[in-house]
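> this is a predicted model, with the sequence first.
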Amino acid sequence: MNSAHISCAQLRGILCTIGCWAGLVVLGSMGLWSQTKSSCLDCHQNLPEPLGVTAEKFAEDIHSQKGLTCASCHGGDPTSDDPEKAMSPAAKWKGKIERRQVPELCASCHANAELMKTYNPSIRVDQFQQYKTSVHGKKWAAGDPKVAVCTDCHSVHDLRSPSDPRSTVHPTNVAATCARCHADADYMKSYGIPTDQFSGYNRSVHHDAMVVRGDLSAPTCSTCHGNHGAAPPGVESVVNVCATCHVFQAQLFEKSPHKAAFSKAGFPGCVTCHSNHEIKHPSDEMIGTGSNAVCVECHMQGDAGYRTAADMKAKLTELDSALTRSNSILAIAERDGMEVGEAKLQARQARDALVKSRVTIHAFNSAELDRDVTPGLKLAKETYAAGQRALGERRFRRVGLGVSLIAIAIVLLGLRLYLREIESE
Amino acid sequence: MSLRARLKQWVDERFGWEALTAPLRKKTVPSHRYSYWYFLGGITLFLFLIQVVTGALLLLYYRPGANDAFESVQFIMTQVQFGWLVRSIHSWSANLIVFTAFAHMFSVLFLKAYRKPRELTWVSGMVLLFLILGFGFTGYLLPWNTVSYFATKVGTAIPGQIPLIGRPTLIFLRGGEDVTGATVNRMFGFHVAILPGIATLLIMLHLGLIQWFGISAPPKIEKEWKQSPASRREMHFFPNFALRELMAWYAALGVLGALAALFPWNLGVKADPFASAPAGIKPEWYFLFMFQSLKLIPAKIFGVDGELLGVLGFGALAGIAVLLPFLDRKEPFNTSRWITGAGVLVLSYMVAMTIYGHFAR
Amino acid sequence: MDSQSTAPPLARRRFVELILGTGLIASALSFLYPILKYLIPPKLPDYANEAVLAARVSEIKPNQGKIFRFGSKPGLLIESAAGEYSAMSAVCTHLGCTVQYRSDLNQVWCPCHNGMYDIHGRNISGPPPRPLEALDVQVRGDEIFVRRKTEG
């Protein structure tokens, strides 16, 4: 063999090897070795909004995690690097999905029970059904371009499961999501409904329960209004909504004179007194005939309701102050070391009576309220007497101390005199 | 013969009572403007006796152990007749005895009663002072409430930092790695048996030495008396000083009774080892100056852990304090003034740190 | 002052001794009285950590509950339909009302706001945020004792 020469065959061999390896490298770097080839992201992750979707963002999306790609919703050919081919009608490319088209596009999978079963057997498939009954859905059907569609609440491209705290529809985020439209006065101008619900809710006791106490079962917008079938509850059905949690109050209300009266006047049940969004923590101030009371918004001096309101307030106040009195006397006695265990137990039961009374007022009937208040007052009285007995014991101790101090003083005086006696010699 | 005289004769015939008590009847106490300070030692002894009596009474109802301790103290405070009185006197007297012990120590320091030949009296007294602090520390945990639980946790952790002996000391004190029911049992044993045993022996030694050497007069007074011997005043111990001492003891009893009746000691909340320490937890006032000092020391001094240096520093100070009489000498230079100065400094520091620690957050 | 110095010294001495003696005896009595009373054991020799007699086996039937005093708070003893005993604090973890056992529901119920717990005290519906504190049950013969859960 000649030293410096390479034969044609050898050259071909070398070039093929190099070419194959190079091709492998190139193909490999093009992601052919990865699971799903997505040429869409290759371009679109570098584009600015609104065309841009980064790979990181899309990786958060639950659809991407389940194996869907851009083409699943937008159509097109994700395997092709040629934009002309990838985004062609031949490849069934849909392009940007118009807002109008969103509900039906989502429903094409999410309303298909057979299909959804393969991903999550327990997921609901009636969202679109419900949507069509909602205010949003009805307006959508009528052609309103501004009304909420699926992506407005659930987000798009980084759509998370509702149980993920970062999801826009996680219970702690629902109110803020609704507020994106419903708190925007300009956006909602054409609809003529108030836009203060979000700010009101943020001051409410339900918001406190969710955000401050961390109770995820506390109500948010969707709890009372529904989510997919979102609509304000009808006037007659408000009480049913509240009743899902506030059972006793609802039952008492149903039997009370207010039920018929409110129905006739077209007033909603609970909301009339407690408001709907800005539901503040109730206080005894709400009852009665004082300036902060809700009763006097309808009732006037002289009518039966006014008298009942005043009476109920008086009873609650009486029980409350009796409790405060007996608790403070017990606290003083206990602090000074007296045994008040039995009395504290009674005071507890008296307090139970007060807690129950604040529920019973929803019957708006003095006699009913009496059934809880009277035993409470009796217990408070007995507790107070026990406290007085304990203070009597305290007095005994102080008298005893006084006696012994007098004896000691006499001894000191005696010693003093005695010393003077023996030292004067 | 009167009954009293006949009893005296009966005892004398058998025990030589007259001969035994002759030196006591001759015992005198120097009488000068600083003589009132002499009462402090006796009051400390009196308070110790009160602790023994009230402690023994408490022992009739107290039960050690995590499951019983708190409930038994609650029982004493609420069910036992005058239990509140016995327990409150015990707790108040504990605080007062620490105060009088320190006051007694400082008065001996400033009146220079530790000088030759009374060095061992001083040493035994210093050890007794540490024992009293030990009584306070061990007794504090016994009610097993939140404050005492965490105070013990912190208090036993501090010596635990000393290199080599720290960890064994911590395990020895706690009866284990953590503060548990075993710790209560151990502290109980220390508090009612071991410490009282040692203390009794030391008190007998301390009193015996005082008897042997007599009461010292401060150098200033001695100088005055040397200059004019006629101005020298000595008071008979029996009955004059003794009756005055009795007055002081009665007054102390009155104070204790008033404190116990007007400010009964509180029960607190039962300790929960799994709860987090309450904010701003502090030891009892007599440990506050050390606690506050340790808080103020920077984290690292020349690469050594600051808190460790603080602990070792206090240990060194205690050691020097015990050996004080041996540091009071005339050669190579008169250290007497220096010792007084150091005493003033230390006392002011302790008072200032205690006040600071009380108000600091 | 004068009346004292003119009186015979012996009488004055006696007077002083009388005062001193009276004082000493009076003060001694005022110290001894509480100590002697203290030494007499009180009528209830058990306390909160000793077991409290909640009920007798004969007086409680299956699927029944009984409220008893536990320290200064109410406790609830339940005998399940299967005959097992469970005990818990009867203080509702919502707002502190006293709960009760509902035989018709086989559950523990709080009448204030409709909170529900199972027979082991676990909160299952309504407002209560935490389970009821569980207590130890010990049956000795005919007597059912309840005590705090002890340190493990």
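Looks like it arrived, so ask away. Values in this document were obtained by computation on a predicted structure and should not be read as measured data.
> pLDDT (mean, whole number) over stretch B:38-53?
Model confidence over stretch B:38-53 averages 96 on the pLDDT scale.
> ok, now stretch B:284-304?
For stretch B:284-304, the mean per-residue pLDDT is 87.
> what's the answer for stretch A:109-117, then?
Taken as a whole, stretch A:109-117 carries a mean pLDDT of 92.
> and it, which residues are buried?
A:His110, A:Ala111, A:Met116 (16 or more other CB atoms under 10 Å in any protein chain shown). The way it works is simple: take the backbone N, C-alpha and C, and place the C-beta from them, glycine included.
> dump those residues into a markdown table; add distance to B:Val344 and secondary structure as well.
Output for the buried residues of stretch A:109-117, formatted as a markdown table (distance: CB to CB, whole Å; DSSP: H, G, I helix; E, B strand; the rest coil):
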| residue | distance to B:Val344 | secondary structure |
| --- | --- | --- |
| A:His110 | 86 | helix |
| A:Ala111 | 90 | coil |
| A:Met116 | 86 | helix |
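> out of those residues, the closest to chain B would be?
Proximity of those to chain B was ranked by CB to the nearest CB; the top entry is A:Met116 with 45.6 Å.
> can you tell me how far the closest one sits from A:Gln127?
Applying CB to CB, to the nearest Å, one obtains 10 Å for the distance of A:Met116 from A:Gln127.
> ok, now A:Pro89?
From A:Pro89 across to A:Gln127, the span is 30 Å (CB to CB).
> mind pulling up the pLDDT for residue 142?
In the absence of a named chain, this looks at chain A. Taken from the predicted model, the pLDDT recorded for A:Ala142 is 93.
> hmm, I had chain C in mind actually
With respect to pLDDT, C:Asp142 scores 87.
> enumerate every residue touching it.
Going by CB atoms under 8 Å, 6 or more residues apart in numbering or on different chains, C:Asp142 touches C:Arg56, C:Val57, C:Ser58.
> who wins on neighbours among those residues?
Counting neighbours by other CB atoms under 10 Å in any protein chain shown, C:Val57 leads the contacts of C:Asp142 with 14 neighbours.
> next, give phi and psi for that one.
phi -60, psi -40 (degrees, to the nearest 10).
> now the single nearest residue of the stretch 51-200 of chain A relative to chain C: how far from A:Thr223?
Taking CB to the nearest CB, chain C has its nearest neighbour within the stretch 51-200 of chain A at A:Pro171, 16.2 Å off. As defined by CB to CB, A:Pro171 lies at a distance of 8 Å from A:Thr223.
> out of the two, which sits in the busier spot?
A:Pro171 (20 against 17).
> quick check: closest non-adjacent residue to the more buried one.
Setting aside the residues directly before and after it, A:Pro171 is nearest to A:Leu216 in space (CB to CB, 6 or more residues apart in numbering or on different chains), at 5.1 Å.
> for chain A, which helix extends over the most residues?
Among the segments of chain A that qualify as a helix by DSSP state H, the longest is helix A:366-423.
> for the record, mean pLDDT for it?
Model confidence over helix A:366-423, given as mean pLDDT, is 91.
> and if you look at stretch A:324-331?
When pLDDT is averaged along stretch A:324-331, the result is 93.
> can you confirm whether that stretch lies near chain B?
No: applying CB under 8 Å from any CB of the partner chain, one finds that stretch A:324-331 is not in contact with chain B, the shortest distance being 12.6 Å.
> contacts for that stretch, please.
A:340, A:343-344, A:347, A:350, A:380-381, A:383-384, A:386-388, A:390-391.
> likewise for stretch A:223-234?
Outside of stretch A:223-234, the residues that reach it under the criterion CB under 8 Å, 6+ apart are A:126-128, A:130-131, A:133-137, A:153, A:169, A:174, A:221-222, A:240-242, A:268.
> and the residues you listed, which of them are in helices?
Where these overlap with helices, as defined by DSSP H, the overlap consists of A:127-128, A:130-131, A:133, A:135-137, A:153, A:174, A:221-222, A:240-242.
> could I have the ChimeraX command that selects the buried members from those residues?
For the buried members of the ones in helices among the contacts of stretch A:223-234, the matching ChimeraX selection, counting by 16+ other CB under 10 Å, is:
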select /A:127,128,130,131,135,136,137,153,174,221,222,241,242
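> what's whichever helix in chain C runs longest packed up against?
Ranked by residue count, the top helix of chain C under DSSP H comes out as helix C:9-39. Packed against helix C:9-39 by the contact rule (3 or more CB pairs under 8 Å, 6 or more residues apart in numbering or on different chains; DSSP states H and E) you find helix A:366-423, helix B:39-59, helix B:83-110, helix B:242-262.
> alpha carbons of the very next helix or strand once past the third one, as CSV, please.
Proceeding C-terminally, helix B:83-110 gives way to helix B:119-141 as the next helix or strand, assigned by DSSP states H and E. Only the C-alpha atoms of helix B:119-141 are listed here, as CSV (Å, rounded to 0.1, in the frame of the first residue of the first chain):
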residue,chain,number,x,y,z
GLU,B,119,-11.1,32.2,106.1
LEU,B,120,-12.8,28.9,106.4
THR,B,121,-16.0,30.5,107.7
TRP,B,122,-16.0,32.5,104.4
VAL,B,123,-15.3,29.5,102.3
SER,B,124,-18.0,27.4,104.0
GLY,B,125,-20.4,30.4,103.6
MET,B,126,-19.7,30.8,99.9
VAL,B,127,-20.4,27.1,99.3
LEU,B,128,-23.6,27.5,101.3
LEU,B,129,-24.5,30.4,99.0
PHE,B,130,-24.0,28.2,95.9
LEU,B,131,-26.1,25.5,97.7
ILE,B,132,-28.9,28.0,98.2
LEU,B,133,-28.8,28.9,94.5
GLY,B,134,-28.9,25.1,93.9
PHE,B,135,-31.9,24.8,96.1
GLY,B,136,-33.6,27.5,94.1
PHE,B,137,-32.8,26.0,90.8
THR,B,138,-33.8,22.4,91.7
GLY,B,139,-37.0,23.5,93.5
TYR,B,140,-38.1,25.7,90.7
LEU,B,141,-38.8,22.7,88.4
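> now helix B:119-141: how far from the chain's centre is it?
For helix B:119-141, the distance from its own C-alpha centre to the chain's C-alpha centre is 5 Å (CA atoms, centre = their mean, to the nearest Å).
> got the angle between that helix and helix B:39-59?
For the pair helix B:119-141 and helix B:39-59, the angle between their directions (axes from the mean of the first three to the mean of the last three CA atoms, to 10 degrees) equals 40 degrees.
> now do helix B:119-141 against helix B:83-110, angle only.
Relative orientation of helix B:119-141 versus helix B:83-110 (the same axes, to 10 degrees): 150 degrees.
> average model confidence for helix B:119-141?
If you average the pLDDT values across helix B:119-141, you get 96.
> likewise for stretch B:92-103?
Confidence over stretch B:92-103 (mean pLDDT, whole number) is 96.
> only the buried residues of that stretch, if you could.
The neighbour-count check on stretch B:92-103 (16+ other CB under 10 Å) flags B:Trp92, B:Ser93, B:Ala94, B:Asn95, B:Leu96, B:Ile97, B:Val98, B:Thr100, B:Ala101, B:Phe102, B:Ala103 as buried.
> cool, and stretch B:41-58?
For stretch B:41-58, the buried set under the neighbour-count rule, 16+ other CB under 10 Å, comprises B:41-48, B:50-51, B:53-55, B:57-58.
> of those residues, closest to A:Asn276?
Of all those, the one with the least separation from A:Asn276 (CB to CB) is B:Leu58, at 62.2 Å.
> look up how far C:Ile40 lies from the closest one.
Taken as CB to CB, the span from B:Leu58 to C:Ile40 is 15 Å.
> pLDDT at B:Leu201, what is it?
Predicted confidence (pLDDT) for B:Leu201: 97.
> give me the phi and psi for it.
phi -60, psi -50.
> just C:Val108 next, same as before
Main-chain torsions, C:Val108, degrees, to the nearest 10: phi -90, psi 140.
> rewinding a little: out of the buried residues of stretch B:41-58, who's near chain C?
The subset of the buried residues of stretch B:41-58 within reach of chain C, counting by CB under 8 Å from any CB, consists of B:Leu57.
> can you map out the strands along the stretch 251-361 of chain B?
B:300-301, B:304-305 (DSSP state E, counting those that start in this stretch).
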